[in-house]
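# A structural model of the following input is requested.
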Amino acid sequence: MAPEVQQFDVVIIGGGPGGYAAALYGAAAGLNVGLIERDKVGGTCLQRGCVPAKEFLETAHVRRTLEHASNFGINPGEVTVDFSVSQNRKNEVVDKLTKGLTGLLKGRKVTLFDGTARLDADQIVTVLDGADAGAVLKGTNVVLAAGSVPRTLPGFDIDGVKVVTSDEFLDLTSLPASAAVIGGGAIGCEFASMLSDMGTKVTILEFLPTILAGCDAEVVSVVQRSFKKRGIEVLTGVKATGHKVSKSGVAVSVEGGEDVKVDLVVMSVGRRPRTEGLLGEGTGVEIDERGFVVADAYMRTANPHVYAVGDVVAGTPQLAHVAFAEAIVTIKMILGEAAVPVDYDRVPWAIYSNPEVAFCGLTEAGAKEKGYEVVVKKDPFGGNSRAQIIGETEGVVKIIAEKRADGSAGQILGVHMAGPWVTEQLGAGYFAVNWEATAEEAAALIQPHPSLSETFGETLIALAGRGLHVG
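Sure, this is the predicted structure:
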């Protein structure tokens with residue numbers, strides 16, 4: 001006997017940031033929503049990524065604060081770390097947020113299904129395993145939000161003990177004396193920074209000529225100087241080809257160079273879409289050669305009743321807040337409302353290393369490549385009173401604007417920051433870039449004093465023509 005087909009306005013496959021945001025936004029509009037998740041709602045971001053990683057980075061921040069407490073006349077004695085306590089605290093934070101999110105979904109009458117799902121023809125979705133295995137759903141519309149998993153490199157076997165991805169790292173209860181982080185992107189630099197601040201000797205192995213590819217060069221320089229000062233070895237332009245595990249640790253093979261011997265290898269080379277087995281026959285949905293779902297600016301796939309959001313979508317940044325925005329675009333499209341596509345060239349980026357990095361819009365090099373003549377102003381955090389008060393003066397704010405015919409600064413094209421708590425300061429820069437503000441318009445905004453955000457304000461005033469403290 002065939003199972004009963006449950007009908008929904010929207011069926012969502014995946015309960016990560018894109019999936020649960022679409023569910024909450026759609027349910028708030030009165031849509032009948034079914035959401036299928038194979039693990040726990042919150043997806044990679046809440047369960048194995050953004051949130052748990054930042055909890056560990058905060059542990060590192062607390063340790064740094066205690067180590068420098070004597071500068072403020074406070075002598076805490078020897079600083080020791082019981083990483084298992086931080087692990088437990090991380091689990092408590094994640095569990096609390098998961099329960100809150102689950103309650104919110106149920107409160108909005110979203111029907112939750114446990115298991116892995118497959119989309120077939122005619123918007124039929126089947127739950128293949130888990131507690132709700134065998135359930136069959138039909139959506140007037142379907143949203144693919146299956147997320148991603150960590151990538152690995154040939155020659156590396158993830159054993160969860162000596163060689164780990166971000167998933168396994170976040171379950172560690174003790175820290176290694178030494179570690180090699182393979183990949184110097186955002187995630188790799190966050191892990192490297194955290195490990196170093198917790199007392200681990202760290203080596204970054206990056207295939208590209210620079211770490212933090214895509215960031216403005218001067219922002220990268222700030223991070224590199226900080227890493228060097230703290231003893232983090234950064235090897236760029238190198239290819240890690242494999243590893244050998246022994247009783248004494250792990251030896252990472254480097255093409256044309258000496259092995260790097262460490263206690264732990266952290267694989268951080270990006271993420272791939274989780275689309276294996278996601279589609280059955282006759283769905284009309286296109287998957288590209290890298291396994292990503294192809295969707296247009298309004299998140300529509302080749303099937304007009306199937307949308308895709310988040311990490312599974314081709315050519316988009318794998319960021320939770322981007323998935324949130326894509327989810328809103330999707331639901332607006334389903335509702336027949338006016339929707340504004342996500343402008344991927346202007347989305348905010350936040351990297352929670354020490355020092356932090358935050359940016360949006362074009363880099364100086366990127367603006368010139370696009371044919372802009374530019375005016376650039378930058379201001380270091382060294383002169384910022386709040387930065388001196390908290391004892392964190394490393395960093396810079398750099399703003400790029402289009403040059404007008406008279407040589408003055410016009411529309412703001414990019415805002416780039418490295419330094420203390422810059423991930424919390426990017427909001428004003430994001431508004432300026434996305435609303436295509438000119439330097440004069442943005443400079444008119446008053447920044448509180450004393451505050452770290454004054455450095456952004458000072459840079460804007462200088463960019464507009466006459467700086468106070470910046471030339």
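
# Could you list the domains of the protein?
Listed by automatic domain parsing, the domain ranges of the chain are 5-150+273-344, 163-269, 355-463.

# For the lengthiest strand in the chain, name the packing helices and strands.
Counting residues, the longest strand in the chain under DSSP state E turns out to be strand 409-419. Under the contact criterion of 3 or more C-beta pairs under 8 Å, 6 or more residues apart in numbering; DSSP states H and E, strand 409-419 touches helix 217-229, strand 356-361, helix 364-369, strand 374-380, strand 396-403, helix 426-434, helix 439-443, helix 454-463. C-beta: built from backbone N, CA, C; applies to glycine.

# roughly how far is the third one from the heart of the chain?
With C-alpha atoms, centre = their mean, to the nearest Å as the basis, helix 364-369 stands 23 Å off its chain's centre.

# The second one too?
Distance, stretch centre to chain centre, for strand 356-361: 11 Å (C-alpha atoms, centre = their mean).

# Just put the helices and strands packed on strand 409-419 in JSON lines and tack on mean neighbour count.
What follows is the helices and strands packed on strand 409-419, written out as JSON lines (neighbours: other C-beta atoms under 10 Å):
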{"stretch": "helix 217-229", "mean neighbour count": "18"}
{"stretch": "strand 356-361", "mean neighbour count": "26"}
{"stretch": "helix 364-369", "mean neighbour count": "15"}
{"stretch": "strand 374-380", "mean neighbour count": "21"}
{"stretch": "strand 396-403", "mean neighbour count": "24"}
{"stretch": "helix 426-434", "mean neighbour count": "20"}
{"stretch": "helix 439-443", "mean neighbour count": "21"}
{"stretch": "helix 454-463", "mean neighbour count": "25"}
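
# closest to Val202 out of these?
Checking the helices and strands packed on strand 409-419 against Val202 by C-beta to C-beta gives helix 217-229 as the closest, at 8.4 Å.

# for the record, mean pLDDT for that closest one?
Helix 217-229 carries an average pLDDT of 97.

# Kindly export the longest strand of the chain (C-alpha atoms) in PDB.
C-alpha atoms of strand 409-419 as PDB (Å, rounded to 0.1, in the frame of the first residue of the first chain):
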ATOM      1  CA  ALA A 409      35.700  60.900  -3.700                       C
ATOM      2  CA  GLY A 410      32.300  59.900  -5.000                       C
ATOM      3  CA  GLN A 411      30.400  56.700  -4.500                       C
ATOM      4  CA  ILE A 412      31.800  54.300  -1.900                       C
ATOM      5  CA  LEU A 413      32.800  51.100  -3.600                       C
ATOM      6  CA  GLY A 414      34.300  49.100  -0.700                       C
ATOM      7  CA  VAL A 415      35.000  49.100   3.000                       C
ATOM      8  CA  HIS A 416      37.700  46.800   4.400                       C
ATOM      9  CA  MET A 417      38.700  46.500   8.100                       C
ATOM     10  CA  ALA A 418      41.100  44.500  10.200                       C
ATOM     11  CA  GLY A 419      41.300  44.900  13.900                       C
END
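
# if you average pLDDT over that strand, what comes out?
pLDDT averaged over strand 409-419 gives 98.

# Equivalent analysis for stretch 163-182, please.
94.

# can I get the domains of the chain in JSON lines with distance to Phe156?
Compiled in JSON lines, these are given as follows (distance: least, C-beta to C-beta, whole Å):
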{"stretch": "domain 5-150+273-344", "distance to Phe156": "11"}
{"stretch": "domain 163-269", "distance to Phe156": "6"}
{"stretch": "domain 355-463", "distance to Phe156": "27"}
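
# nearest to Asp157, of these?
That would be domain 163-269 among the domains of the chain, by C-beta to C-beta, at 6.4 Å.

# ok, the residue nearest to Asp197 when sequence neighbours are not counted - contacts?
Of all residues not flanking Asp197 in the chain, Ala60 sits nearest, at 3.8 Å (C-beta to C-beta, 6 or more residues apart in numbering). Residues counted as contacts of Ala60 (C-beta atoms under 8 Å, 6 or more residues apart in numbering) are Ser193, Met194, Asp197, Met198, Asn354.

# Among the residues you listed, which lie within helices?
Among the contacts of Ala60, the members found in helices (DSSP state H) are Ser193, Met194, Asp197.

# and Thr241, helix, strand or coil?
In three-state terms, and counting by DSSP: H, G, I helix; E, B strand; the rest coil, Thr241 is strand.

# That one contacts Gly257, correct?
No: between Thr241 and Gly257 there is no contact, the gap being 10.1 Å when judged by C-beta atoms under 8 Å.

# Of all the helices and strands packed on strand 409-419, which one is nearest Leu137?
helix 426-434 (36.7 Å).

# Pull the residues that contact the closest one.
For helix 426-434, using C-beta under 8 Å, 6+ apart, the contacting residues are 343, 346, 348, 350, 358-361, 399, 412-415, 417, 437, 441-442, 445, 453, 456, 460.

# where do the strands sit along the stretch 101-250 of the chain?
In the stretch 101-250 of the chain, the segments counted as strands under DSSP state E, counting those that start in this stretch are 111-114, 117-120, 124-127, 136-144, 148-150, 163-164, 178-182, 201-206, 233-236, 240-246, 249-254.

# how about the helices and strands packed on strand 409-419 in TSV, adding distance to Ile390?
Putting the helices and strands packed on strand 409-419 into TSV (distance: least, C-beta to C-beta, whole Å) gives the following:
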stretch	distance to Ile390
helix 217-229	16
strand 356-361	13
helix 364-369	28
strand 374-380	15
strand 396-403	16
helix 426-434	18
helix 439-443	25
helix 454-463	13
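
# what bits of the stretch 1-150 of the chain have low per-residue confidence?
Applying pLDDT under 70 to the stretch 1-150 of the chain flags residues 1-2.

# give me that answer again for 80
1-3 (pLDDT under 80).

# I figured Ala401 was touching Val415, is that so?
No: with contact defined as C-beta under 8 Å, Ala401 does not count as touching Val415 (9.9 Å).

# before we move on, back to that, from the chain's centroid, how far away is the longest strand of the chain?
Taking C-alpha atoms, centre = their mean, the mean C-alpha location of strand 409-419 is offset from the chain mean by 20 Å.

# Could you figure out how far it is turned away from helix 426-434?
150 degrees (axes from the mean of the first three to the mean of the last three C-alpha atoms, to 10 degrees).

# got the angle for strand 409-419 vs strand 356-361?
Using the same axes, to 10 degrees, strand 409-419 lies at 160 degrees relative to strand 356-361.

# buried set for strand 409-419?
Ala409, Gly410, Gln411, Ile412, Leu413, Gly414, Val415, His416, Met417, Ala418, Gly419 (16 or more other C-beta atoms under 10 Å).

# The third one and Val374, how far apart?
Gln411 sits 10 Å away from Val374, going by C-beta to C-beta, to the nearest Å.

# any common contacting residues for these two?
With C-beta under 8 Å, 6+ apart, Gln411 and Val374 have common neighbours Ala401, Glu402.
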